[in-house]
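In: need the 3D shape of this:
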Amino acid sequence: MDKLDLEVISALRELEVPVHLLGYEYIKTALNVLRTDPSTIHRIIKELYPAIAGIHNTKSSRVERGIRHALTFAFMDLAVLKKVIGTSRKLTNSEFLATLHEVIMIKLATNPVLVEVDRRGSH
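Out: Presented below is the predicted three-dimensional model:
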């Protein structure tokens, strides 16, 4: 687990997205795909959803629906949404993923003191 993973988990927990939802895992995977190729956010249906579906052995349509379902929980408290990603309006899946990715990348770039966790889970 690295800094990006920790920041994504932290944001999703703050937004109160339930951990047991498949959409929670799909969002985490999406942010990792965006880390390696940020341009896939512009090809969400043709590339991002299929990439996530391939990793999770499911269909693109299920990925899209799972993320949308997870976001219904994130949009329940618009004040928290504003605090976490800087907007209090409900976003589309691609808007949410792009915004969350950007917020986390800025946070990581401006805060070099974030704790690094190695693969064994120790600090």
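In: can you give me the helices in the chain?
Out: According to DSSP state H, the chain carries its helices in the segments 3-14, 22-36, 49-56, 60-74, 78-85, 93-110.
In: which of the residues in the fourth one are buried?
Out: Along helix 60-74, the positions that meet the burial threshold by neighbour count (16 or more other CB atoms under 10 Å) are 60, 62-64, 66-67, 69-71, 73-74. Every C-beta, even on glycine, is put in place using the N, C-alpha and C of the backbone.
In: please state the offset of that helix from the chain centre?
Out: 11 Å (CA atoms, centre = their mean, to the nearest Å).
In: what does the second one give?
Out: Relative to the centre of its chain, helix 22-36 is centred 5 Å away, using CA atoms, centre = their mean.
In: quick one, that helix and helix 49-56 angle?
Out: 110 degrees (axes from the mean of the first three to the mean of the last three CA atoms, to 10 degrees).
In: flag the shaky bits of the protein, pLDDT-wise.
Out: 112-123 (pLDDT under 70).
In: try it again with 90
Out: 1-2, 109-123 (pLDDT under 90).
In: how many residues are close by the closest residue to residue 90 other than its chain neighbours?
Out: Spatial nearest neighbour of residue 90, excluding adjacent residues (CB to CB, 6 or more residues apart in numbering): residue 75 at 4.8 Å. Using other CB atoms under 10 Å, residue 75 has 15 neighbouring residues.
In: let's have the chain start at 49 instead
Out: Okay, residue one is now 49; in that scheme the one you just asked about reads as residue 123.
In: tell me how far residue 145 lies from residue 80.
Out: Using CB to CB, to the nearest Å, residue 145 is found at 11 Å from residue 80.
In: these two: which is more packed in?
Out: Taking neighbours as other CB under 10 Å, residue 145 and residue 80 compare with residue 145 leading, 23 against 16.
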